[in-house]
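Student: no FASTA, just this:
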């Protein structure tokens, strides 16, 4: 297996503590994510406005995200490519971070996820879920290079969001087992509902049979003596008298 196929992308920095948002500027400079301080900040409609007063990012430019749509992410990506930015910081909930991840991936910039709620694991995943005119789509993106979780802001979020996050974590424990069980369950369901299996004529490949490329070639079988001795009306599929092939 190639080396790149065995590599798992993960954030370089994970900062989880009360008041973590105030140290965002130091994180960007100390970890060499930015050199000249040209940072773009994308904030959501929730706690984003109040968070801006705590930031100390110098010449950072603020972009306000109205919704979690594909159009909003594309527009933000175009604006990031037009400006000389070094990084993007997405501050908000799941929709805001998904838009920021897509826009940063589109512009080729490193992205820092600053979570104000823990409703799901999207703050670190390489996937952005965005709404479009036909529904909702998932898009592969680069994961954030750093994750900042301010516990003070998480406590201010609605309690239902934290409950949803707990359910998301618990569901991952059985996700692999469900994936492995699905083909076996589907095979058992097909066997139980196959009408031919009830009459004994639903045959499966045996060790003596072989695959010819487009069909199974069965070993030749002659009718048994019971079939030749019985009357035509008595010859049923339950007798398991296979014709010669």
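Tutor: Yes, it's here. Since the model is a prediction, treat every value here as computed from it, not as a measurement. Residues are numbered from 1 along each chain as shown.
Student: Contacts only, for residue 141.
Tutor: 101-102, 104-105, 126-128 (C-beta atoms under 8 Å, 6 or more residues apart in numbering). (Glycine included, C-beta is placed from N, CA and C.)
Student: quick one, phi/psi of it?
Tutor: Main-chain dihedrals, residue 141, degrees, to the nearest 10: phi -140, psi 170.
Student: For it, which non-adjacent residue is spatially closest?
Tutor: The shortest distance from residue 141 to any non-neighbouring residue, by C-beta to C-beta, 6 or more residues apart in numbering, is to residue 105 (3.9 Å).
Student: Is the spatially most central residue of the chain bridged to anything, and to what?
Tutor: The centre of the chain sits closest to residue 127, judged by C-alpha atoms, centre = their mean, with a distance of 5.9 Å. Beta bridges link residue 127 to residue 140, judged by DSSP bridges.
Student: my read: it touches residue 136, true?
Tutor: No. Counting by C-beta atoms under 8 Å, residue 136 is not a contact partner of residue 127; they are 11.9 Å apart.
Student: Next, work out how far apart residue 73 and residue 7 are.
Tutor: Here residue 73 is placed at a distance of 26 Å from residue 7 (C-beta to C-beta, to the nearest Å).
Student: Neighbour count for the two, which is higher?
Tutor: When residue 73 and residue 7 are compared for neighbours, residue 73 comes out ahead with 29 against 8, by other C-beta atoms under 10 Å.
Student: still on that earlier bit, name the element the residue nearest to residue 141 belongs to?
Tutor: helix 94-107 (DSSP states H and E).
Student: Can you name the residues in contact with the helix or strand just after that helix?
Tutor: Proceeding N to C from helix 94-107, the next assigned helix or strand is strand 111-115, under DSSP H and E. Identification of contacts with strand 111-115 by C-beta under 8 Å, 6+ apart yields 11, 21, 24, 27-28, 33, 51, 87-93, 97, 100-101, 104-105, 123-124, 142, 144-150, 154.
Student: Which of those residues are buried? Put it as a PyMOL command.
Tutor: Command for PyMOL, covering only those of the contacts of strand 111-115 found buried under the criterion 16 or more other C-beta atoms under 10 Å:
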select buried, resi 11+21+24+27+28+33+51+87+88+89+90+91+92+93+97+100+101+104+105+123+124+144+145+146+147+148+149+150+154
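Student: Mark which of the contacts of strand 111-115 are part of helices, please.
Tutor: 24, 27-28, 51, 97, 100-101, 104-105, 154 (DSSP state H).
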